[in-house]
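Asks: A predicted structure for the sequence below; I have some questions about it.
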Amino acid sequence: MIPTLPEEVRALYPFEPHWVNVGGRVLHYVDEGPRSPEAVVLLHGNPTWSFLYRKIIPTVADAGYRVLAPDFLGSGRSDHGIHDDEYAIVNHIARTLAVLAEAGVQRAVMFMQDWGGPIGMGMELLRPGLLAGAVLANTFWGEASNFHRQIFPWRAMHAPIAGALIFGRRGTFIQGLRLGGPPEVHDGPAWRAYGLPYEVHNASPGATLAWPRAIALGPDHPTYPLARAIWDVMPSFDVPTRFVWGMADAVFPWAEQGQTMRERLPRGSEHPVAEVPEGRHFVQEYAPEECAQACIAVAKEALG
Amino acid sequence: MTLPPPLLPVLSDEVVWPEFEAPIAALGSTWTAPSGRRYRIAAGGGRVLISLERPDPSVIPSADEIDEDLLVLAEAVQQAVPAFAGDALRRSAVAYGWYGRPFKTAPG
C-alpha cells in the first residue's frame, strides 16, 4: 500500500484515502460526496488506478452523488499480491464486492473502462441488483479483442519469461499510457502518479502482468467461463446505459467492441454515443467532462 | 571439496504457457548468455525460476546487464515457439518503449 502520496501527486489528486482489509490485503478507495447506499462507482483497468478519475470525481460529487473509485489489488495505492492466482478476475470481482459492502453501497452506477467492464459486469453477475446504471467506455467483457489475439506486439510482450522481464523487472508496461493517453500524462506529476505503484514496489509487476494473461483467448482459458457468463447475462442488464468511447483506440475499436455491447445491452441504444474522436484507450484523460456528464445523466435516471 | 557457485534468483514466472514448456525445457538446467554469465533454470509445474551463478560472490552485475541477458533468453525461447519470433520480440519491445528504461536500484 501507499499510505502517503508525494505532494506533486496529491496536488492533482486531493482525495482522502479510505482503506479496507480484504483477505489480508489492504485495498484503497476514494469515497467522495454524500453518504448514501447508492453511488457512482468508477472502475479502472490496466495499468491505471483511481488517479485516472481525478478530474471526474469532483464533477460527479458536486452534482450530489456519492462517488467511489477503488484501486484494485496490485494497482494504485492498494497492496500488491504475491501469487498470480490472487489476480484472477473472479478474485478482483469478489474483493471489489467486499469494498462496496464495507462502504455500504447497495446500488451502483458503474463507469467501466478496460478491465473495469468485466469486473463491473461480473459484480452484477455475482450480486444481481447491484447494477443500477452503466457507462461503458473503451472496455470489453473478458474475451480477447482482435488486438489481443495478435502475437506482436501484444502476446509476445507478456509471454513467459518476456512478460516477467518487461512487466516485472523493468516495470515498463506503464509505457502503455504513452500509447493510449494524451501528451499531458506523458511526463510531469501525472506520469509520476501513474508510475508510483511500480516505483514503490520496485521489480514487482503488480497486476499489470496478470491482467493481459487473464484475457480469455479461447475456451480453454481460465477466464473464459466468466467471460461467457457475462456475455450470456448482458441482455438482462435492463438499466440506464450510456457509452463514452475514444474512437482512436487500437485495443477496443468501437465497431468491434463498443457497437457489439451496445447491441447486446437492452438499453444500450437509447442515447447517442459520446464519441471522442481523438480519444485513445484511456478516454478519461481525453474527455473527463464527457465521462462525468455521462455518469451524472445515468445517475439521474437510475438513482434520481 | 568444491562448493557450487552461489545463486542469485533474478526472474520467476508463475505462468508458463503450454506451448512454451518444451522450448524452456530444451534450454536445460544451465544457460550461458552471450555475455558469458551463466544462469540456472529450474522449470516445471508451469513455473520457471532463473538464477544467476556468481562464481565470484563479490561481483554483482548491474541490473541492466542481467536484463540484457534475460532479453536474449526470452528471444531464444520465443524463437522456438511456433508463430512467435525472437527478433520480433526485441523490435517490439524497443519500438513500444517496453525496453530501455534504466533500473533505479539493483535487484536482490
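Replies: That came through fine. Keep in mind the model is a prediction, meaning the values are calculated, not measured.

Asks: Tell me which stretches of the stretch 1-150 of chain A form strands.
Replies: Using DSSP state E, counting those that start in this stretch, the strands of the stretch 1-150 of chain A run over residues A:17-22, A:25-32, A:38-43, A:66-70, A:107-114, A:131-139.

Asks: Within its sheet, name the partner strands of the second one and how each one runs.
Replies: Sheet pairing here is set by DSSP bridges, and for strand A:25-32 it gives strand A:17-22 (antiparallel), strand A:66-70 (antiparallel).

Asks: Strand A:38-43 and that one, what's the angle between them?
Replies: Using axes from the mean of the first three to the mean of the last three C-alpha atoms, to 10 degrees, the inter-axis angle of strand A:25-32 relative to strand A:38-43 is 120 degrees.

Asks: what's the burial count for the residue in the stretch 1-150 of chain A that chain B sits nearest to?
Replies: In the stretch 1-150 of chain A, the residue found nearest to chain B is residue A:84; the distance is 4.5 Å by C-beta to the nearest C-beta. In this view, the C-beta of every residue, glycine as well, is placed from N, C-alpha and C. Residue A:84 has 17 neighbouring residues, counting by other C-beta atoms under 10 Å in any protein chain shown.

Asks: Could I get the contacting residues of it?
Replies: Contacts for residue A:84 (C-beta atoms under 8 Å, 6 or more residues apart in numbering or on different chains) come out as A:209-210, A:213, B:14-15.

Asks: ditto for residue A:141
Replies: Counting by C-beta under 8 Å, 6+ apart, residue A:141 makes contact with A:117-118, A:121, A:227, A:230-231, A:234, A:261.

Asks: What residues does chain A have near chain B?
Replies: A:83-84, A:151-153, A:155-157, A:159-166, A:168-173, A:175, A:178-179, A:199, A:202-203, A:213 (C-beta under 8 Å from any C-beta of the partner chain).

Asks: Pull out the buried residues from these.
Replies: When the residues of chain A next to chain B are checked for burial by 16 or more other C-beta atoms under 10 Å in any protein chain shown, the buried set is A:84, A:151-153, A:155-157, A:159-166, A:168-173, A:175, A:203, A:213.

Asks: Quick one: name the residues of chain B near chain A.
Replies: Counting by C-beta under 8 Å from any C-beta, the residues of chain B that sit close to chain A are B:10-17, B:20, B:24, B:48, B:50, B:63, B:66-67, B:70-71, B:73-74, B:77-78, B:81, B:83-85, B:88-89, B:92-93, B:95-101, B:103-105, B:107.

Asks: I'd assumed residue B:69 was in a helix, is it?
Replies: Yes - assignment of residue B:69 by DSSP: H, G, I helix; E, B strand; the rest coil places it within a helix.

Asks: what's the spacing between it and residue A:162?
Replies: Per C-beta to C-beta, to the nearest Å, residue B:69 is found 13 Å from residue A:162.

Asks: for stretch A:135-154, how far is the first residue from the last?
Replies: 27 Å (C-alpha to C-alpha, to the nearest Å).

Asks: returning to what we had before: can you list which of the buried ones among the residues of chain A next to chain B are found in helices?
Replies: A:156-157, A:162-163, A:213 (DSSP state H).

Asks: and the residue lying closest to the residue of the stretch 1-150 of chain A closest to chain B once chain neighbours are set aside, what does it touch?
Replies: Distance criterion C-beta to C-beta, 6 or more residues apart in numbering or on different chains; nearest residue to residue A:84, sequence neighbours excluded, is residue B:14 at 4.5 Å. Residue B:14 makes contact with A:83-84, B:46-47, according to C-beta under 8 Å, 6+ apart.

Asks: Now do the strands in chain B.
Replies: Counting by DSSP state E, one finds strands in chain B at the ranges B:7-13, B:30-32, B:38-44, B:47-53.

Asks: could you dump those to CSV with mean neighbour count?
Replies: Below are the strands of chain B laid out as CSV (neighbours: other C-beta atoms under 10 Å in any protein chain shown):
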stretch, mean neighbour count
strand B:7-13, 19
strand B:30-32, 13
strand B:38-44, 17
strand B:47-53, 20
